[in-house]
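>>> using only what follows, build the 3D model:
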Amino acid sequence: MAALFTGSHGHHDLPDHDTQSNICRVCSDEISQQFVACRECKFPVCRPCYIYERSEGNQCCPQCNVRYKRHKGCPRVVGDDEESDDGDDFEDEFQMKDRQEAQDRNRVDNQSENGDSHPPKQYNTNGFAFSSAGSVAGRDLDRDRDDEWKDRVEKWKTRQEKRGLVTKGDDANDPGEEDDYLMAEARQPLWRKVPISSSLINPYRIVIVLRLVILIFFFRFRIMTPAYDAYPLWLISVICEIWFALSWILDQFPKWFPINRETYLDRLSLRFEREGEPSGLLPVDFFVSSVDPLKEPPIITANTILSILSVDYPIEKVSCYVSDDGASMLLFDTLSETAEFARRWVPFAKKYSIEPRAPEYYFSEKIDYLKDKVQPTFVKDRRAMKREYEEFKVRINALVAKALKKPEEGWVMQDGTPWPGNDSRDHPGMIQVYLGSGGALDVEGNELPKLVYVSREKRPGYNHHKKAGAMNALIRVSAVLTNAPFMLNLDCDHYVNNSKAVREAMCFLMDPQLGKKLCYVQFPQRFDGIDRHDRYANRNVVFFDINMRGLDGIQGPVYVGTGCVFNRQALYGYDPPVSEKRQKMTCDCWPSWCCCCFGGSRKKSKDKKSSKKKGLKALFGLGKLRGKKKYSKKSMAPIYDLEGIEEGFEGYDELEKSSLMSQKNFEKRFGQSPVFITTTLMETGGIPEGTNSNSLIKEAIHVISCGYEEKTEWGKEIGWIYGSVTEDILTGFKMHCRGWKSVYCMPKRPAFKGSAPINLSDRLHQVLRWALGSVEIFLSRHCPLWYAWAGKLKTLERLAYINTIVYPFTSIPLLAYCTLPAVCLLTGKFIIPTLNNLASVWFLALFISIIVTGVLELRWSHVSIQDWWRNEQFWVIGGVSAHLFAVFQGLLKVLGGVDTNFTVTSKSADDAEFGELYLFKWTTLLIPPTTLIIMNMVGVVAGVSDAINNGYGSWGPLFGKLFFSFWVIVHLYPFLKGLMGRQNRTPTIVVLWSILLASIFSLVWVRIDPFLPKQTGPILKQCGVEC
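Okay, here's the model as predicted:
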């Protein structure tokens, strides 16, 4: 185990896009000169990819989206034009290939006779061979063919049998056919887009359009027919309804193109993990962030780390970095114990392929753990491992108990030296490497993934930017020590539930065409420990299963803070590579002099200049640069000393020199660390040559010093962006503005699972923090309403980001609208005048469209109606409480400079099931919804009593008021239930209806007044004296 360092300050290349037309832009393989897939734009696609796209894909060219036409020798698919077909070309296909192969053999034979023999070249960037036999439907062949011809036909039939296109015969297969098929399978796409069925999505879109039309007529009626007897109430209601309509548009239209994606992990293994060769999968650095180990129990963090160390991925390509932003010795000792236990847990988890690979959750699962287990030693090893894990938990609990009593002189390490982090606000940077190269081996003698403890330097007077600053420190440390091209960040309470999650992400990030354009792959958040009814919508299923899938069909999902695999180059602020644009078509209908008159020569000279610049940029590996600051994206040999970075440019003018980044520009952008700057130029990862572990540790200490980011672009254009407590939304937004795309990956087994605050007060505080971050972004220069309109952010994607930052402001009209029913019941007035038949139709159509939209949305998303209803209820609860407070706190923070302390959400480690669900914690966030409930209940009682006193004529107008009042009460019902406490008390619904009914019957009893005698005759009154 390496010592604690403190201080005060071989990889696989992805195939690049080739401009030559004989390289396939899908699989990067060579294309025969005779084959052109798309006759419209000549986009280079090889025959196997062309056949696969026609049979399994959308049958269109990836560049011009024109439907592929059938080529001779290719199988028919649905939609081929039968009339223009040239007939059966089965025999011609094989005869053509026979002639071509005979010519090749003759050429090789002639070369052999001359003594200059060269084997045919095979161009394949992935290292796989592929047979390009035609894929056509089988038919009877003439038995008089020669033997060679028959062998080729039999091989072709074998391939068709493996693809399931023809029935299997009785003949034996060629032993080499299996390898050929596997190689062909490996070159198929690693993922595919699965659009929602048109029978599900088209009715949904039609209803959305109809609802928009109905809204227009509805608002026309509301504005043209004001309620003059309650004009202020009418005006407030109309303003609120218009805001709700705009909010609905912002939320609805980004869900116009929802899609699904599926991955092919077997193809990923076939392509990058060949037997007997080193794995071609690219390395991944895991980031785990922690702040307070007393609020984030160490046993939960330990389980997260153990699940990372045992993922199904090559060991040498996994590194785990744990950020301790509280400089806690408790977490430091916990990692030491975790590293020791990992020596036994990791080989056990991988040997028996258990899921999940977090021991706490694996041993607590109530399932048949013997299912699919065939090893006789499994039961014995499992019992032993469970006993060792329980002993591990006891040791962790002892550390927690010890940490509760801090000595006056501070903590002391095992070697007798004081703990450097005794003052969490003033301490040097600390790094401890537990496992990895040169570290401890597991019990079977195998290497373990690298595990690194990181606590960045903190000094008074510096703004450390909370979680965003800690994540940026991890970026720099990981770049210096391992520099994996991809990074996966997790909260300390989110463990790896699916050991193949990293492989799922690699299917997108290592795709030769899509991978270089992706900034991150986002996984949905799933949670453990939530009550069956999900009272406070903790699962957030509507957002993760509906909204995020809709964004995936546009430019990609937003970044949600955890469970995300990043492309390191995207976090460095680089632009994505620019796709080669299709050349514009020209015509010969105009005379040559017209071209001159309309600027043909000017265009030609401009093309020459641009080509010269492109050639210079290509020479030095420069990519497209952003704005006035041009940032290079180099793919060249690593350089440790940057003194000679401008050597070789003497022959170019000053304009060309200024477009290249000098050492000073690098330091101004990334900071003063030559090692780190060198790693930023290495797209596929790896550490600089000529370095050793001690020098790298010292450099890592330097890059986490508190003054390292001064006068750099960290937090502005690089890494996690500063300026909001919800740094995740801001970071993803900046990358999308640069033109990057993101992908939403939803494997069948959830990739990651975490814990959520199930207590009402904690849940509201969590929502308050999210809403406060949105308000901060709204009041900053990064507001999507006005930021980067000249960028590459798509319109619907911008609407989604606008919705994420304006939704807290909906709390103001929502609070007013929830108060109106009580005011109407107490005053006897209403916001809607008497309805005629046409107006009733528009009201009825609006309610029906709302219901149908929800039903159709649940139909294509497969979200349960209970999850949808809980989401609607908590939208009202959070809107009138947490969102309202967030608006005022955000205004005070931005305009008045009053800062709000960040509260870490507590992660429960209580063994009692739903132990904190009924725990009542008073907070000011509970005041507004409690007031609304009381007001509406009083209004219901007052309205009913007034109707009883005024007779039958007043019951008609009362029903509309009661409907809106009950709408508020029903939506706030989970909040009222949370105020009541545990389930063993009187049920909330009983208490609620008891109060209502008791009040109503009391009023009715007083109205009837049964104990007074009733007079049957005329009422006689005593006359006065002057009668």
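
>>> from the contact counts, what lies against the strand or helix carrying M430?
Element membership for M430 (DSSP states H and E) is strand 429-435. Other elements packing on strand 429-435 under the criterion 3 or more C-beta pairs under 8 Å, 6 or more residues apart in numbering; DSSP states H and E are strand 5-7, helix 329-352, strand 450-455, helix 693-703. For the C-beta atoms, the positions are set from N, CA and C on the backbone; glycine is no exception.

>>> what pairs with it, and is each one parallel or antiparallel?
Strand 429-435 pairs in its sheet with strand 5-7 (antiparallel), strand 450-455 (antiparallel), by DSSP bridges.

>>> show me what the helix or strand just after the longest one is packed against.
Helices and strands here follow DSSP H and E; after strand 450-455, the next one along the chain is helix 466-481. Where contact means 3+ C-beta pairs under 8 Å, 6+ apart, helix 466-481 is packed against strand 284-290, strand 318-324, strand 450-455, strand 486-491, helix 568-571, helix 674-680, helix 693-703, helix 727-737.

>>> got the contact list for the first one?
Surrounding strand 284-290, the residues in contact under the criterion C-beta atoms under 8 Å, 6 or more residues apart in numbering are 296, 301, 304-305, 308, 313, 317-326, 331, 467, 470-471, 474, 478, 482, 484, 486-492, 502, 565.

>>> and if you look at the fourth one?
When contacts are taken as C-beta under 8 Å, 6+ apart, the neighbours of strand 486-491 outside the stretch itself are 282-289, 304, 308, 471, 475, 478, 496, 502, 505-506, 509, 561-568, 571, 752, 754.

>>> ok, now the last one?
Under the contact criterion C-beta under 8 Å, 6+ apart, helix 727-737 has outside partners 467-468, 471, 519-520, 555-556, 558-561, 570-571, 717, 719-721, 723-724, 742, 773-774, 777, 782, 784, 787-788, 791-793, 797, 801, 804-805.

>>> for the fifth one, same thing?
By C-beta under 8 Å, 6+ apart, the residues outside helix 568-571 that reach it are 475, 479, 483-487, 518-520, 576, 633, 683, 685, 718-720, 731, 735, 738, 740.

>>> let me see the ranges of the strands in the chain.
Taking DSSP state E as the test, the strands found in the chain are 5-7, 191-195, 259-263, 284-290, 318-324, 429-435, 450-455, 486-491, 495-496, 518-522, 526-528, 564-567, 741-744, 752-755.

>>> need the helices and strands packed on strand 429-435 in TSV with distance to K393 and mean pLDDT, can you?
Converted to TSV, the helices and strands packed on strand 429-435 look like this (distance: least, C-beta to C-beta, whole Å; pLDDT from 0 to 100):
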stretch	distance to K393	mean pLDDT
strand 5-7	29	66
helix 329-352	10	92
strand 450-455	19	92
helix 693-703	32	89
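
>>> so which of these is the most packed in?
The highest mean neighbour count among the helices and strands packed on strand 429-435, using mean count of other C-beta atoms under 10 Å, belongs to strand 450-455: a mean of 26.

>>> in this structure L825 contacts M937, no?
No - checked against C-beta atoms under 8 Å, the pair L825 and M937 is beyond contact range at 10.2 Å.

>>> more neighbours: these two, which one.
Neighbours around L825 and M937, counted as other C-beta atoms under 10 Å, are more numerous at L825. The numbers are 26 against 19.

>>> residues contacting that one?
L825 sits next to N936, G939, V940, A942, G943, K961, L962, S965 when contact means C-beta under 8 Å, 6+ apart.

>>> next, count neighbours for D946.
D946, neighbours per other C-beta under 10 Å, totals 15.

>>> roughly how far apart are it and I305?
64 Å (C-beta to C-beta, to the nearest Å).

>>> next one: V45
Applying C-beta to C-beta, the value for V45 to I305 is 44 Å.

>>> neighbour count winner among those two?
Each of V45 and I305 has its neighbours counted (other C-beta under 10 Å); I305 has more, 27 against 24.

>>> so for the more buried one, what's the nearest residue that isn't a sequence neighbour?
Using C-beta to C-beta, 6 or more residues apart in numbering and skipping residues adjacent in sequence, the residue nearest I305 is T338, 5.4 Å away.

>>> okay, now the unreliable bits of the stretch 651-800 of the chain?
Filtered on pLDDT under 70, the stretch 651-800 of the chain yields the residue ranges 651-663.

>>> swap the cut-off to 80 and go again
Residue ranges of the stretch 651-800 of the chain with pLDDT under 80: 651-665, 690-691, 758-759.

>>> tell me which residues of stretch 441-452 are tucked away?
By neighbour count on 16 or more other C-beta atoms under 10 Å, the buried set for stretch 441-452 is D442, L448, P449, K450, L451, V452.

>>> and of these, the nearest to V207?
Distance ranking of those against V207, using C-beta to C-beta, places P449 first at 50.2 Å.

>>> got a pLDDT number for that closest one?
Looking at P449, its pLDDT is 92.

>>> what about the nearest residue in space to it that is not next to it in sequence, neighbour count?
Nearest in space to P449, with sequence neighbours left out and distances taken as C-beta to C-beta, 6+ apart, is V318 at 4.0 Å. V318 is flanked by 24 other residues according to other C-beta under 10 Å.

>>> what pLDDT is listed against V318?
In this model, V318 carries a pLDDT of 93.

>>> contacting residues around it?
So V318 contacts P283, V284, F286, I308, L309, V311, P449, K450, V502 (C-beta under 8 Å, 6+ apart).

>>> and the pLDDT at the fourth one?
Turning to I308, the model gives it a pLDDT of 94.

>>> is it true that it touches C320?
Yes - contact status for I308 versus C320: in contact at 4.9 Å, counting by C-beta under 8 Å.

>>> what touches both of these two?
The overlap between the contact sets of I308 and C320 (C-beta under 8 Å, 6+ apart) consists of F286, V288, P449.

>>> across the sheet, point out what pairs with the first one.
The one in question is F286. With DSSP bridges applied, F286 shows beta-bridge pairing to C320, L488.

>>> can you tell me how far it is from P524?
Per C-beta to C-beta, F286 is found 18 Å from P524.

>>> among the two, which residue is more densely surrounded?
Higher neighbour count among F286 and P524: F286, with 28 against 22, using other C-beta under 10 Å.

>>> list buried residues within the contacts of helix 727-737.
Listed as buried from these are 467-468, 471, 519-520, 555-556, 558-561, 570-571, 717, 719-721, 723-724, 742, 773-774, 777, 782, 784, 787-788, 793, 797, 801, 804-805; burial here means 16+ other C-beta under 10 Å.

>>> what is the burial count for N65?
11.

>>> same check, this time on K406
As a burial measure, K406 scores 11 neighbours (other C-beta under 10 Å).

>>> in stretch 237-256, which residues are buried?
The neighbour-count check on stretch 237-256 (16+ other C-beta under 10 Å) flags 237-238, 240-241, 243, 245, 247-248, 250-255 as buried.

>>> just how off-centre is it within its chain?
24 Å (C-alpha atoms, centre = their mean, to the nearest Å).

>>> residues making contact with that stretch?
If you take C-beta under 8 Å, 6+ apart as the criterion, stretch 237-256 is touched by 205, 208, 212, 215, 219, 222-223, 546-547, 549-551, 553-554, 796-797, 799-800, 802-803, 806-807, 810, 813-814, 816-817, 820, 831, 857.

>>> if you set the cut-off to 7 Å instead, what comes out?
With contacts defined as C-beta atoms under 7 Å, 6 or more residues apart in numbering, stretch 237-256 is touched by 205, 208, 215, 219, 222-223, 546-547, 550-551, 554, 796, 799-800, 802-803, 810, 813, 816-817, 820, 831.
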